[in-house]
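[1] whatever this is, show me its structure:
(chains A and B)
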Amino acid sequence: MAKTMESAPNGSHVLPFEKVIVQLDRQISEMEAQQAQSGKDFSAEIRQLRAQYVSLLHKTYDNLSPWETVQVARHPGRPLAGDYIEQFVKNWQELHGDRRFADDRAIRCGLGRIGTEKAVVIAQHKGRDTREKIECNFGCAHPEGYRKALRVMRLAEKFKLPVVTLIDTQGAYPGVGSEERCVAEAIAVNMLEMSRLKTPIVCVVIGEGGSGGALGIGVGDRIGMLQFSYYSVISPEGCASILWRTGEKAPEAAEALKLTAKHLKAIDVIDDIIPEPLGGAHRNLSEAAGNLERYIVRTLRQIKRLSVGDLLGNRYERWRRMGKVVSADQTGQST
Amino acid sequence: MAENQPEQASPYDSSAFSGPQTRKKREMPEGLWMRCPQCEAMLYRKVVAENLDVCTECQYHFRVGGRRRIQQIVDTDSFEEMFADIAPADPLEFKWSGQTYADRIRKEQAKTGNLEACLTGVAYVKGRRVALGAMDGDFLMGSMGSVLGEKITLITEEAAKQSLPLIIVSMSGGARMHEGALSLMQMAKTSASLGRFDDAGGFFISILTDPTTGGTMASFAMLGDIIIAEPGALIGFAGQRVIANTIKAELPEGFQSAEFLMQKGFVDMIVARKELRSEIARLIDYCAA
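    The predicted structure is shown next:
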């Protein structure tokens, strides 16, 4: 669990642009240890280092490039859906299986209470240790995952429970079984049904919003993103290898794809940005979870007041607006 | 996508949309004579054209884009184009290695004579009035950006308004990278409009042609009340190379073909091009007359 990571984010994994930050953090810890051991007073030095540390965190995280944001979103110590569920979903009861084929561990569905709100939660979970990662296929769902999600969403609709989805996936799994059982159909049907599900739906990208695999549980009334998550039509590496003809240009591709929460808010793809703790969610799980919980509760309270007719009308209009086109006269060309 | 194949294998990426490299080029070559990529017969171009761009020897279905496809399906001169003036913007000001999306669009427009990768309108098929959309694979691989999504949505709404059966002929490499998440969101937009069409009791025939992949497949293409595929068409979500790289194994014979999809239970029928008109008419008479 990420609880031990409050100050030193997953010592084994240091992002390239975090090297100095982690060094400083280590110095502070060492000095604190020395102080405790020797009984000498280093508090002034420690305070100074702390100030330096905080200002450096600010400087770094206020100016993350899109590619750095992708790296934060993929940080091995970043809280996963399972961590958030553990932090703030009370009385969590998982519901297993799509009643067709299998129980896909990449998508967790269940009942629980968030704040005061009863909800159905659908969450993409990547797994923390190797065993768990393999169990949930690194968060890359098969068709049965999407079909389970739909089954549980229908349950939510029937019993008038709101749906909360947590999105964190590189994408739907590109494998033989996935194609045989037609993940494309599963995703398409989910989007269609979510667009008309007669109950409130809040979706939050908490890490990676990987293309259709994310959107397959991503249609709702309000779409939020954690500050350092990303959402994209294609992975930066994939885009780079096609357009630049080398995956090494992923940083440029990340820039071009405008995949950060800030960019996506500016073009109205998402509705809200949920702030992360200073230095990213991997530095402080409980603060990140608190922010996410407050956002979900607040948003559910807002949208559950609407009549079903208004809810679905607004939802349709929200998605209907997606995209940017011009009329031919504006391009100076004729048909 | 329209560019070349990716080298790396992130478990998922839409680069895969370009399809397997092993497949031969399917565009109709220039000149009087042409070779069928499947049976390698030398074919007189004019004869093939008269045969709806199908090989007279082995029934291989060549790719047909846009207007020509519509001509082959609808009654002569019955197509009234709608939403023709909708053109792509460059919302992300997308640039890559010295090229710009704005430039690329202009080139594709000059090459195809169309503003975008999709044509929409109303027409008659054997005397039955329909709303129709068809993708043009020549325009940036028929990829779905804002315009394609908007036009599919508009024609779906029009079909609902006029109570017409809706026919969409897909031929698309998937979502268009150059418009980023806006392309991705077209999947949800088109699906939502089909949800409303469904609520209104509308009849939607989705026709999958070679190739129908990626985000196009994973949205409106797989949402037909009836799903028809053309023989031999490549239909799949992830690209074959990406899958092969992920699973580190050879792919099964015929993987992601129209026949494979029907065998797995995701396509209602495979219809040869010359039967398509009468099949559409028959389905409309059964379901939407």
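
[2] please make it C-alpha for all contacts and neighbour counts, starting now.
    Noted.

[3] which residue does chain B bring closest to chain A?
    Nearest residue of chain B to chain A, counting by Cα to the nearest Cα: residue B:218, 3.9 Å away.

[4] can you tell me how far that residue sits from residue A:247?
    The gap separating residue B:218 from residue A:247 is 25 Å, by Cα to Cα, to the nearest Å.

[5] same check on residue B:84?
    Remark: distance between residue B:84 and residue A:247 (Cα to Cα) = 37 Å.

[6] try residue A:130
    Taken as Cα to Cα, the span from residue A:130 to residue A:247 is 26 Å.

[7] just residue A:184 next, same as before
    For residue A:184 relative to residue A:247 (Cα to Cα), the value is 25 Å.

[8] which one of the two has more residues nearby?
    Counting neighbours by other Cα atoms under 10 Å in any protein chain shown for residue A:184 and for residue A:247 shows that residue A:184 has the greater number, 30 against 21.

[9] so what pLDDT did the more buried one get?
    What the model reports as pLDDT for residue A:184 is 98.

[10] got the CA positions of the helix or strand hosting it in PDB?
    In this assignment (DSSP states H and E), residue A:184 forms part of helix A:183-195. Extracted in PDB, the C-alpha atoms of helix A:183-195 (Å, rounded to 0.1, in the frame of the first residue of the first chain):
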ATOM      1  CA  VAL A 183     -14.000  -5.900 -27.100                       C
ATOM      2  CA  ALA A 184     -14.900  -3.300 -29.700                       C
ATOM      3  CA  GLU A 185     -18.600  -4.400 -29.400                       C
ATOM      4  CA  ALA A 186     -18.300  -4.400 -25.600                       C
ATOM      5  CA  ILE A 187     -17.000  -0.800 -25.500                       C
ATOM      6  CA  ALA A 188     -19.400   0.400 -28.100                       C
ATOM      7  CA  VAL A 189     -22.400  -1.000 -26.300                       C
ATOM      8  CA  ASN A 190     -21.200   0.400 -23.000                       C
ATOM      9  CA  MET A 191     -20.900   3.900 -24.400                       C
ATOM     10  CA  LEU A 192     -24.400   3.700 -25.900                       C
ATOM     11  CA  GLU A 193     -26.000   2.400 -22.700                       C
ATOM     12  CA  MET A 194     -24.100   4.800 -20.500                       C
ATOM     13  CA  SER A 195     -25.400   7.700 -22.600                       C
END
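
[11] now for that helix, which elements pack on it?
    helix A:143-158, helix A:211-215, helix A:308-320, helix B:180-199, helix B:214-217 (3 or more Cα pairs under 8 Å, 6 or more residues apart in numbering or on different chains; DSSP states H and E).

[12] below-threshold pLDDT in the stretch 1-150 of chain A: ranges please.
    Judged by pLDDT under 70, the stretch 1-150 of chain A has its weakly predicted residues at A:1-12.

[13] sketch out the strands for it, chain order is fine.
    Applying DSSP state E, counting those that start in this stretch to the stretch 1-150 of chain A gives strands spanning A:89-94, A:107-114, A:117-124.

[14] residues of the shortest one that come out buried?
    Going back to what we said before, that points to strand A:89-94. Of all the residues in strand A:89-94, those buried under the rule 16 or more other Cα atoms under 10 Å in any protein chain shown are A:89, A:90, A:92.

[15] right, and out of those residues, which lies closest to chain B?
    residue A:89 (28.0 Å).

[16] contact partners for that closest one?
    A:112, A:113, A:114, A:115 (Cα atoms under 8 Å, 6 or more residues apart in numbering or on different chains).

[17] which ones are touching the third one?
    Listed by Cα under 8 Å, 6+ apart, the contact partners of residue A:114 are A:88, A:89, A:90, A:293, A:296, A:297.

[18] one more pass at 6 Å, please.
    Each residue near residue A:114 by Cα atoms under 6 Å, 6 or more residues apart in numbering or on different chains is listed here: residue A:89.

[19] go on, the first one?
    Residue A:112 makes contact with A:89, A:90, A:91, A:92, A:118, A:119, according to Cα under 6 Å, 6+ apart.

[20] excluding covalently adjacent residues, which one is nearest to it?
    Nearest non-adjacent residue to residue A:112, counting by Cα to Cα, 6 or more residues apart in numbering or on different chains: residue A:92, 4.4 Å away.

[21] any idea which element residue A:207 lies in?
    Going by DSSP H and E, residue A:207 is part of strand A:201-210.

[22] list the contacts of that strand.
    Applying Cα under 6 Å, 6+ apart, the set of residues contacting strand A:201-210 is A:73, A:162-171, A:218, A:220-226, A:229-232.

[23] now do it, average pLDDT.
    98.

[24] mind checking the SS state of the nearest residue in space to residue B:261 that is not next to it in sequence?
    Nearest residue to residue B:261, sequence neighbours excluded (Cα to Cα, 6+ apart): residue B:267, at 5.9 Å. Three-state call for residue B:267 (DSSP: H, G, I helix; E, B strand; the rest coil): coil.

[25] nearest residue to the residue most central in space within chain A in space, ignoring adjacent ones along the chain?
    Compute the mean C-alpha point of chain A, and by Cα atoms, centre = their mean the closest residue is residue A:206, 1.7 Å away. Sequence neighbours aside, residue A:226 is the residue nearest to residue A:206 in space, at 5.3 Å (criterion: Cα to Cα, 6+ apart).

[26] who touches the one you found in this structure?
    A:206, A:273, A:274.

[27] pretty sure residue A:126 sits against residue A:139.
    Yes. In terms of Cα atoms under 6 Å, residue A:126 counts as a neighbour of residue A:139; the distance is 3.8 Å.

[28] ok, residue A:272 to chain B distance?
    Computed as Cα to the nearest Cα, to the nearest Å, the residue A:272 to chain B distance reads 16 Å.

[29] tell me which of the contacts of residue A:226 is nearest to residue B:107?
    For these, the minimum distance to residue B:107 (Cα to Cα) is 37.2 Å, reached by residue A:273.

[30] and which of the contacts of residue A:226 is nearest residue A:135?
    Residue A:135 has its nearest neighbour among these in residue A:206, at 20.2 Å by Cα to Cα.

[31] quick one: name the residues of the stretch 51-200 of chain B near chain A.
    Residues of the stretch 51-200 of chain B lying close to chain A (Cα under 6 Å from any Cα of the partner chain) are B:85-89, B:94, B:146-147, B:180-182, B:184, B:188-189, B:191-192, B:195.

[32] for the nearest residue to residue B:41 once chain neighbours are set aside, the count of nearby residues, please.
    Sequence neighbours aside, residue B:35 is the residue nearest to residue B:41 in space, at 5.6 Å (criterion: Cα to Cα, 6+ apart). By other Cα under 10 Å, the residues close to residue B:35 number 15.

[33] so how far is residue A:197 from the residue in the stretch 151-300 of chain A positioned nearest to chain B?
    Closest to chain B within the stretch 151-300 of chain A is residue A:184: 3.9 Å, counting by Cα to the nearest Cα. Distance of residue A:184 to residue A:197, given as Cα to Cα: 20 Å.

[34] okay, now the domains of the chain?
    Reading this off chain A. Domain ranges of chain A: A:14-63, A:71-320, per automatic domain parsing.

[35] my bad, the chain I had in mind was chain B
    Taken from automatic domain parsing, chain B resolves into B:28-62, B:63-287.
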